[in-house]
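Engineer: Okay, here's the prediction I keep looking at, along with the sequence it came from:
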Amino acid sequence: MLRLLGILITVLAAIAAAVVTWPQFFRLERTFPIAQIVSLRGPLTVAFAALFVIMLLLCAVRALRGFAASIAVIAAVAAVAGGGILLARGIGGDPLPTKTADAIRVMTWNTAGAATDPQLIAKTAVAMQADVVALPETTIEAGEAVAIAMREMGSPMWAHHEAYPGWAANSTTLLISPDLGDYAVVESTSGDTTNTATVPTVVAMPVDGSGPTIVAAHAVAPRQDDMDQWRESLTWLGDQCASENVIMAGDFNATVDHMDRLGVDGGDLGRCHDAAVAAGAGAVGTWSTGWPSLLGTPIDHVLATDAWTATGAVVLTSLDQSGSDHRPLVAQLEPAAR
């Protein structure tokens with residue numbers, strides 16, 4: 001009886017390990033609670049490694065040797081697979097390349113409302129030579145303060161925004177350098193909706209039709225009661241990447257695991273590709289600042305269509321005490337060779 005119980009537990013453990021390691025295979029990556037578990041890929045990999053060590057120690061107990069060895073093999077395979085996925089997406093470490101004349105630097109930072117000083121946001125954006133700054137959870141008043149401070153530092157910006165009723169988390173601000181031309185916020189309909197659910201996204205298009213559509217994205221967090229709205233928002237954001245020339249940045253409350261099957265023509269989300277993954281920093285956590293970066297969750301992204309090539313990306317870990325629970329992400333995009 002105990003042997004049969006051990007076999008059953010081993011089989012269930014193998015299935016569970018496979019599901020949380022690669023839920024895309026089972027089409028469960030956007031299903032509660034698998035979506036929440038897979039978002040913690042770094043801690044999950046560490047947990048499997050720890051389980052492997054514990055099971056090895058239990059192999060010393062003769063009565064448990066077979067069972068412990070089986071679980072150890074499962075844990076080892078899951079830890080190696082998880083670690084391999086993290087390494088493939090990139091653990092960062094490389095600085096941004098020198099900014100060229102044609103390059104666009106894009107910064108995204110969920111500022112957690114009034115928790116982050118606009119002066120600090122401005123100094124960071126100027127230091128990173130940002131041309132586009134996506135600021136989820138930032139009111140237009142705070143965004144204008146950032147733009148004014150950047151102007152005084154020699155880097156003027158136009159401020160655009162969308163807001164839902166309520167507190168600062170229901171606002172998203174987008175700053176765009178005048179060097180990129182004049183932009184206007186537009187209403188973009190997809191699936192009978194004109195924006196992301198619960199929290200807003202800013203869609204800005206060039207007034208003269210020349211240049212990329214720029215999107216400051218914010219999707220609601222995948223809490224149990226908000227799963228439908230979260231899935232709908234990711235689909236809507238993917239639809240914004242349907243045209244040829246789009247740059248999208250913001251807090252997606254989703255990792256690239258959750259974007260599986262939402263890509264088109266080889267893209268990660270719609271026709272857009274994740275700049276951090278392309279530049280070797282896709283596994284560096286942007287949330288939460290309370291976790292080491294390699295144990296955090298990369299839910300903030302810079303995405304772009306094939307009109308752009310990501311030549312570098314960096315998650316700024318030096319601002320973890322700034323007030324926000326998110327880290328800024330900066331990516332450099334170059335026009336793709338034609």
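Structural biologist: Alright, I've got the coordinates. Numbers count the residues shown, from 1 in each chain.
Engineer: Could you measure from the nearest residue to residue 114 once chain neighbours are set aside over to residue 135?
Structural biologist: Nearest residue to residue 114 in three dimensions, chain neighbours excluded: residue 168, at 6.0 Å (CB to CB, 6 or more residues apart in numbering). Just so you know, the C-beta spots here come from the backbone N, C-alpha and C atoms, and that holds for glycine as well. As for residue 168, its distance to residue 135 is 10 Å (criterion: CB to CB, to the nearest Å).
Engineer: Need the residues touching each of these two.
Structural biologist: Shared contacts of residue 168 and residue 135 (CB atoms under 8 Å, 6 or more residues apart in numbering): residue 142.
Engineer: Which residue is the nearest non-sequential neighbour of residue 279?
Structural biologist: In space, residue 279 is closest to residue 313, 3.9 Å off (CB to CB, 6+ apart).
Engineer: For that neighbour, grab phi and psi.
Structural biologist: phi -160, psi 140 (degrees, to the nearest 10).
Engineer: Surely it touches residue 304?
Structural biologist: No. Checked against CB atoms under 8 Å, the pair residue 313 and residue 304 is beyond contact range at 11.1 Å.
Engineer: burial count for residue 102?
Structural biologist: Close neighbours of residue 102, defined as other CB atoms under 10 Å, add up to 8.
Engineer: Actually, residue 62.
Structural biologist: So residue 62, with other CB under 10 Å, has 7 neighbours.
Engineer: Check the gap between it and residue 151 for me.
Structural biologist: Counting by CB to CB, the gap from residue 62 to residue 151 is 74 Å.
Engineer: now swap in residue 50 and tell me
Structural biologist: 51 Å.
Engineer: residue ranges with poor pLDDT in the stretch 151-300 of the chain?
Structural biologist: Under the criterion pLDDT under 70, the flagged ranges of the stretch 151-300 of the chain are 189-192.
Engineer: Which parts of it are helices?
Structural biologist: For the stretch 151-300 of the chain, helices defined by DSSP state H, counting those that start in this stretch occupy the ranges 227-240, 275-278.
Engineer: Could you say which of the ones you listed is packed most deeply?
Structural biologist: Mean neighbours per residue, mean count of other CB atoms under 10 Å, is largest over those for helix 275-278, with a mean of 25.
Engineer: So what's the residue count around the residue nearest to residue 279?
Structural biologist: Using other CB under 10 Å, the number of residues around residue 313 comes to 27.
Engineer: and it, what is it in contact with?
Structural biologist: Contact analysis of residue 313 by CB under 8 Å, 6+ apart lists 92, 96, 275-276, 278-282, 302, 329-332.
Engineer: Mind doing that once more with 7 Å?
Structural biologist: Residues in contact with residue 313 (CB atoms under 7 Å, 6 or more residues apart in numbering) are 275-276, 279, 281, 302, 329-331.
Engineer: Residue 262 too?
Structural biologist: By CB under 7 Å, 6+ apart, residue 262 lies in contact with 234-235, 238, 269.
Engineer: Widest-spaced pair of those?
Structural biologist: Based on CB to CB, the longest span within the contacts of residue 262 runs between 235 and 269 and measures 9.4 Å.
Engineer: The contacts of residue 313, buried ones only, as a PyMOL selection?
Structural biologist: To isolate the buried members of these in PyMOL, using 16 or more other CB atoms under 10 Å:
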select buried, resi 275+276+279+281+302+329+330+331
